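got a predicted model here, sequence first, then my questions.
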Amino acid sequence: MLLMSNNPCHGALLGLAVGDALGVPVEFESRDQRDSDPVQGMREFGTHDQPAGTWSDDASLTFCLAESLAGTGPAAMDLHDVSQRFVHWLDEGYWTAHGKIFDVGIATRAAIGRLRAGISPEKAGGKRESDNGNGALMRILPLVFHPLWQQGTAVERQQLTQRICGLTHGHSRSTLACYFYLKIAWSLIQGDTPAQAHKLVREEIPSGLISALASEIDHYTRLLHPDFVLTPREEIQSSGYVVHTLEAALWCLLRGTSFAEVVLLAVNLGSDSDTTGAVVGGLAGIYFGAQQIPTMWLKELARRDDILVLADSLAVLLKGSGEPSGQNSNPLPRMA
């Protein structure tokens with residue numbers, strides 16, 4: 001096993017995968033079911049009949065994006081490369097936990113079908129209001145480690161977010177959710193607390209949005225309220241709608257005091273438990289650090305060492321040059 005560090009790339013990818021895997025066995029089950037039988041650790045079988053530690057499409061597509069960004073390098077992004085990895089995942093089980101797909105969202109499947117058919121990446125994602133599921137939010141986190149995003153202006157960051165989000169979800173509401181999420185992640189990387197990150201997005205984002213995203217800001221009124229953390233649990237929804245997922249993830253992050261507490265709060269909200277767990281797991285991994293993820297969960301996590309190698313390669317992208325901090329010194333493959 002590779003040694004973990006406090007590098008935020010380790011925390012982000014491992015945290016996301018752990019949160020995903022905790023939620024997979026109970027996906028689609030109700031909040032009442034979770035209240036009577038709360039998840040406390042990795043489970044096996046359940047909804048998708050998978051071994052303990054199995055992550056789903058949330059982590060798979062995150063890893064496809066991370067691998068493409070790291071392989072392309074710090075000076076550019078290759079949407080066609082990302083697209084082909086997504087197609088390879090759907091068709092051949094690339095970057096899956098055990099070589100097969102068992103879960104994929106309707107909008108994501110449709111968009112990848114368009115990518116496979118040759119539709120340009122900029123036009124593949126659905127643009128209807130009904131296309132605002134959480135399938136882009138669940139996989140967008142690696143973008144925060146790309147120098148083009150980190151060093152860009154607010155407008156450039158929004159445009160980059162839209163390009164990656166739009167591969168599967170082309171509506172501006174999804175892009176805005178992803179932008180909020182990345183800004184929170186970036187704030188945490190800079191050393192802010194979750195409360196400080198929430199304050200930052202409340203104060204900075206609304207006044208600096210491009211027109212397409214500004215038109216969607218009213219859908220995030222509750223999330224932008226200073227007392228959002230005080231929202232009662234019964235008002236926090238955990239469906240597959242992108243606004244609900246972002247709210248649920250931030251609510252759990254603001255309330256939890258450890259990595260374990262945060263992700264278990266999320267998974268035990270019920271419904272789309274794996275995605276809520278994955279989205280907040282990435283943030284909690286950044287904030288608390290990979291070393292604070294329970295050891296038993298990491299031991300059970302599928303392809304843990306592969307994830308660490310990928311995280312090391314993503315860390316190189318963050319630096320812009322140099323060799324990975326772990327064992328893997330080979331460049332990541334590019335897909336034609």
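Perfect, I can see it now. In this text, all values refer to a predicted model and were calculated from it rather than measured experimentally.

could you point out which element follows the longest helix along the chain?
Using DSSP state H to define each element, the chain has its longest helix at helix 172-189. Downstream of helix 172-189, the next assigned helix or strand under DSSP states H and E is helix 194-204.

in that next one, what counts as buried?
Neighbour counts over helix 194-204 (16 or more other Cβ atoms under 10 Å) mark 194, 197-198, 200-201 as buried. Where you see a C-beta, it was placed from the backbone N, CA and C, and this is true even at glycine.

what about the nearest residue to F288 once chain neighbours are set aside, neighbour count?
Spatial nearest neighbour of F288, chain neighbours left out: F259 (4.2 Å); criterion: Cβ to Cβ, 6 or more residues apart in numbering. By other Cβ atoms under 10 Å, 26 other residues sit near F259.

any idea how far F259 is from D20?
Applying Cβ to Cβ, to the nearest Å, the value for F259 to D20 is 14 Å.

how many neighbouring residues does W297 have?
Neighbour number of W297 under other Cβ under 10 Å is 22.

per-residue pLDDT, it?
W297 is assigned 98 on the pLDDT scale.

from what I can see it touches V18, true?
Yes: between W297 and V18 a contact is recorded at 5.3 Å, counting by Cβ atoms under 8 Å.

one step back: dump the residue contacts of the residue nearest to F288.
15, 281, 284-285, 288, 292-294 (Cβ atoms under 8 Å, 6 or more residues apart in numbering).

tell me the phi and psi of it?
phi -60, psi -50 (degrees, to the nearest 10).

picking up where we left off before, list residues touching both of F259 and D20?
Common neighbours of F259 and D20 (Cβ under 8 Å, 6+ apart) are G281.

quick one: low-confidence ranges for this structure?
1-5, 320-336 (pLDDT under 70).

give me phi/psi at the closest residue to G281 other than its chain neighbours?
Nearest residue to G281 in three dimensions, chain neighbours excluded: G19, at 2.3 Å (Cβ to Cβ, 6+ apart). In terms of degrees, to the nearest 10, the main-chain angles of G19 are phi -60, psi -40.

just give the number of residues close to G19.
G19: 35 neighbours (other Cβ under 10 Å).

ok, it to G289 distance?
15 Å.
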